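**Student:** sharing a sequence plus its predicted fold:
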Amino acid sequence: MIIFENINKTYIKNQQHVHALNNINLHIDTGDIFGLIGWSGAGKSSLIRLVNQLEKPTSGTVYVNSVNVNTLDRAAQRQHKKKIGMIFQHFNLLESKTVAQNVAIPLILQGIDRNEITQRVDAMLSYVDLLGKKDSYPSQLSGGQKQRVGIARALITEPTILLCDEATSALDPQTTIAILKLLKQINNERKITILLVTHEMEVIASICNKVAVMEKGQVIEQGTVLDIFSAPQQDTTKKFVSTVLSPQIPEAILASLPQQENIYRLEFLGDSAKKPVVNELILKQLVEINILFGNMREISGVVLGSMFIQMNGSEDKIKLAVAFLKQKGVHIERGVV
Ligand SMILES: Nc1ncnc2c1ncn2[C@@H]1O[C@H](COP(=O)(O)OP(=O)(O)O)[C@@H](O)[C@H]1O
Ligand SMILES: [Mg+2]
């Protein structure tokens with residue numbers, strides 16, 4: 001478990017004070033894949049770096065597994081850092097060392113016996129599917145392979161917590177999916193709590209169970225990923241959610257319509273998304289239905305999404321159709337936004 005309690009962080013640069021974190025309170029439970037999302041400069045890296053003491057808070061307390069990390073002596077700090085792995089956007093590999101040598105570094109620093117190091121490094125490289133590349137140099141690897149080396153190096157000390165700072169931001173979409181899948185597998189199989197920083201809501205939707213939204217050094221909204229996606233409260237959160245669920249109808253579709261009357265947005269959540277309600281409505285033949293645009297996503301095991309339809313028919317029949325959809329649990333609004 002990680003607890004941030006009343007955290008403030010001020011940097012002083014060229015005699016200017018930068019208030020990077022402003023009274024942050026967060027609980028990350030053991031086993032979570034907890035996402036921190038925000039635009040650039042929101043304070044995400046400053047916050048995550050407090051966990052492994054790459055930064056220290058100006059005030060406030062960070063607890064990791066019930067231990068106040070600010071009060072550790074040097075020996076205790078070393079033990080503490082062993083339990084926390086970290087991966088980075090630009091991988092931070094040593095270019096002059098091979099894959100196996102990069103992964104071995106944390107074990108060499110711990111003074112572990114050479115045979116044991118070889119064994120553990122091989123097992124770890126096999127886990128991240130890179131054993132065949134053990135003697136390659138980072139410059140000979142793709143981005144995804146470099147991040148796998150980063151992951152192997154982070155996990156080699158058998159940490160209980162993995163910190164990921166924009167770990168997929170330098171990767172193409174397909175490689176991102178593969179790395180996120182690996183992170184999920186690590187969380188599941190190795191029981192490692194993951195604290196992840198990103199500016200991409202897609203990453204949150206894909207693997208996180210909880211999320212906190214940061215803006216200007218503050219947490220402006222937090223909750224389960226399902227709650228945040230189904231009912232975002234703050235404008236910034238809504239913007240992030242819309243990058244995944246795009247609840248707006250594309251301009252091109254609107255422009256192609258002969259008239260823009262009687263357009264409705266249907267919002268589906270969970271049960272209502274699984275039932276063929278629109279199909280049932282079409283079969284009722286109350287009104288003519290023109291499906292304009294739809295976007296559905298599975299998030300945390302629940303289907304979420306929205307669909308735009310145009311209904312053609314008399315006012316009375318349209319009212320009946322709207323009532324039918326509401327009765328089926330669909331949230332429905334008139335208009336294009
Ligand atoms: N070492 C530093 N010295 C001075 N200012 C910093 C330092 N690190 C971060 N900042 C400032 O703190 C704020 C938060 O930065 P950061 O935590 O890196 O945000 P994010 O990771 O969300 O982009 C920004 O205004 C940034 O310029
Ligand atoms: Mg950052």
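**Tutor:** All right, it came through fine. Numbering: from 1, shown residues only. Ligands and ions are numbered 1, 2, ... in the order given.
**Student:** going forward, measure contacts between C-alpha atoms and count neighbours the same way
**Tutor:** Noted.
**Student:** what does this structure put close to ligand 1?
**Tutor:** Residues of the chain lying near ligand 1 by CA under 6 Å from any ligand atom: 11, 13, 18, 20, 40-46.
**Student:** may I see the buried residues of stretch 179-193?
**Tutor:** 179-180, 182-184, 186-187, 192-193 (16 or more other CA atoms under 10 Å).
**Student:** closest to P247 among those?
**Tutor:** For the buried residues of stretch 179-193, the residue nearest P247 by CA to CA is L180; the value is 24.8 Å.
**Student:** would you point out which residue is most central in the chain?
**Tutor:** Taking CA atoms, centre = their mean, the centroid of the chain lies closest to I204, which sits 2.5 Å from it.
**Student:** phi first, then psi, for that residue.
**Tutor:** Dihedral angles of I204 (phi, psi; degrees, to the nearest 10) stand at phi -60, psi -50.
**Student:** can you list contacts of the helix or strand bottoming out on mean pLDDT in the chain?
**Tutor:** Sorted by mean pLDDT, DSSP states H and E, the helices and strands of the chain end with helix 271-274, the least confident at a mean of 70. Contacts to helix 271-274, defined as CA atoms under 8 Å, 6 or more residues apart in numbering, come from residues 303-305, 328-330.
**Student:** hmm, back to that, between the buried residues of stretch 179-193, which sits nearest G60?
**Tutor:** T193 (22.2 Å).
**Student:** partner residues bridging that closest one?
**Tutor:** Note on T193: beta-bridge partners by DSSP bridges are I161.
**Student:** these two touch, right, it and I2?
**Tutor:** No: between T193 and I2 no contact is recorded; they are 9.3 Å apart, counting by CA atoms under 8 Å.
**Student:** what is in contact with these two at once?
**Tutor:** Here T193 and I2 have 29-30 as joint contacts, going by CA under 8 Å, 6+ apart.
**Student:** in the stretch 201-337 of the chain, which spans are helices?
**Tutor:** With DSSP state H, counting those that start in this stretch as the criterion, the stretch 201-337 of the chain has helices at 201-207, 225-230, 235-245, 251-255, 271-274, 277-284, 315-327.
**Student:** could you do the stretch 1-150 of the chain as well?
**Tutor:** 44-48, 74-82, 99-109, 114-127, 143-155.
**Student:** residues making contact with the third one?
**Tutor:** Contacts of helix 99-109 from elsewhere in the structure, counted by CA under 8 Å, 6+ apart, are 93-94, 117-118, 121-122, 125, 133-138, 149-150, 152-154, 156-157.
**Student:** just the buried subset of those, please.
**Tutor:** Using 16+ other CA under 10 Å, the buried ones in the contacts of helix 99-109 are 93, 117-118, 121-122, 125, 133-134, 137-138, 149-150, 152-154, 156-157.
**Student:** so how far is ligand 1 from F88?
**Tutor:** 11 Å (CA to the nearest ligand atom, to the nearest Å).
**Student:** give me every residue that touches that residue.
**Tutor:** Contacts for F88 (CA under 8 Å, 6+ apart) come out as 150, 164-167.
**Student:** what's the closest non-adjacent residue to K317?
**Tutor:** In space, and not counting its chain neighbours, K317 is closest to L286: 5.7 Å by CA to CA, 6 or more residues apart in numbering.
**Student:** isn't that neighbour up against D316?
**Tutor:** No: using CA under 8 Å, L286 is not in contact with D316; the gap is 9.4 Å.
**Student:** so for those two, which sits in the more crowded spot?
**Tutor:** Counted by other CA atoms under 10 Å, L286 and D316 do not tie: L286 has more neighbours, with 18 against 11.
**Student:** can you pull the pLDDT of that one?
**Tutor:** In this model, L286 is scored at 90, pLDDT.
**Student:** circling back to that earlier point, which ChimeraX command selects the buried ones in the residues of the chain next to ligand 1?
**Tutor:** Restricted to buried positions by 16+ other CA under 10 Å, the ChimeraX selection for the residues of the chain next to ligand 1 reads:
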select :20,42,43,44,45,46
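**Student:** in strands, which of the residues of the chain next to ligand 1 appear?
**Tutor:** Under the assignment DSSP state E, the residues of the chain next to ligand 1 contribute 11, 13, 18, 20 to strands.
**Student:** may I see the residues you listed organised as CSV, with pLDDT added?
**Tutor:** Formatted as CSV, these follow (pLDDT from 0 to 100):
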residue, pLDDT
Y11, 97
K13, 89
V18, 94
A20, 97
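**Student:** farthest-apart pair in those residues, please.
**Tutor:** The farthest-apart pair in those, when distances are taken by CA to CA, is K13 and A20, at 11.9 Å.
**Student:** and whichever residue of the stretch 151-300 of the chain sits closest to ligand 1, how far is that from R190?
**Tutor:** Nearest to ligand 1, among the residues of the stretch 151-300 of the chain, is G217, at 6.8 Å (CA to the nearest ligand atom). Applying CA to CA, to the nearest Å, the value for G217 to R190 is 32 Å.
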